[in-house]
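Asks: build me a model:
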Amino acid sequence: MRQEASYFDDHNPRLIYIAKRLKDSLSVELLLCENGVEYGVEPDEYRGGFLFASQRTGAFFYVRPDAEENARRLLLEHGYMPAQQEECPK
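Replies: Reported below is the predicted structural model:
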C-alpha cells in the first residue's frame, strides 16, 4: 500500500526501484499493492543517457528497511531490476 512521507519518520527509507517511464511506475505500484508491500514513491531526478547524458525525472520507490529484502525479491521475480543503494540521490 502506498504510504505518505510520515510513514517513514524514524526509519531510514530504502530505495528499491527507479521507474524511468510512467508505464513502469504504474506497473510497479500495482505489483507492490497486490503483494501487500507498504511503500513510498516520489518524483526525483536521475542522470540518464550514454552519449547525450541529461537530468531526467523518474518515480523513486522506497520501503522501510524491514521490507527491503522482500520488495527486492518481488521486483526481481517480475522482471524489474532493483535500484542499487549507491543510486540514491539523497
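
Asks: make it CA atoms for all contacts and neighbour counts henceforth
Replies: Will do.

Asks: centre-most residue in the protein?
Replies: Per Cα atoms, centre = their mean, the C-alpha nearest to the average position across the chain is that of Phe61, at 2.2 Å.

Asks: okay, and the beta partners of that residue?
Replies: Tyr17, Val41 (DSSP bridges).

Asks: and it, how far is that from Phe50?
Replies: To Phe50, Phe61 is 23 Å away according to Cα to Cα, to the nearest Å.

Asks: now Leu22
Replies: Noted for Leu22: a distance of 21 Å to Phe50, by Cα to Cα.

Asks: and these two? which has more neighbours close in?
Replies: Leu22 (11 against 7; other Cα atoms under 10 Å).

Asks: one step back: quick check, the residue nearest to the centre of the chain in contact with Leu15.
Replies: Yes. Under the criterion of Cα atoms under 8 Å, Phe61 makes contact with Leu15 at 5.9 Å.

Asks: now do the helix or strand bottoming out on mean pLDDT in the chain: distance to the chain's middle.
Replies: None of the helices or strands of the chain scores lower by mean pLDDT, DSSP states H and E than strand 40-48, at a mean of 90. How far strand 40-48 lies from its chain's middle: 9 Å, per Cα atoms, centre = their mean, to the nearest Å.

Asks: so which elements touch that strand?
Replies: With contacts taken as 3 or more Cα pairs under 8 Å, 6 or more residues apart in numbering; DSSP states H and E, strand 40-48 sits against strand 54-63.

Asks: CA atoms of stretch 1-10 as PDB?
Replies: What follows is stretch 1-10, C-alpha atoms only, in PDB (Å, rounded to 0.1, in the frame of the first residue of the first chain):
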ATOM      1  CA  MET A   1       0.000   0.000   0.000                       C
ATOM      2  CA  ARG A   2       1.200   3.500  -0.800                       C
ATOM      3  CA  GLN A   3       2.200   5.500   2.200                       C
ATOM      4  CA  GLU A   4       2.800   9.200   3.000                       C
ATOM      5  CA  ALA A   5       6.200  10.500   3.900                       C
ATOM      6  CA  SER A   6       5.300  10.500   7.600                       C
ATOM      7  CA  TYR A   7       5.200   6.600   7.400                       C
ATOM      8  CA  PHE A   8       9.000   6.700   7.100                       C
ATOM      9  CA  ASP A   9       9.600   9.000  10.100                       C
ATOM     10  CA  ASP A  10      12.200   7.500  12.400                       C
END
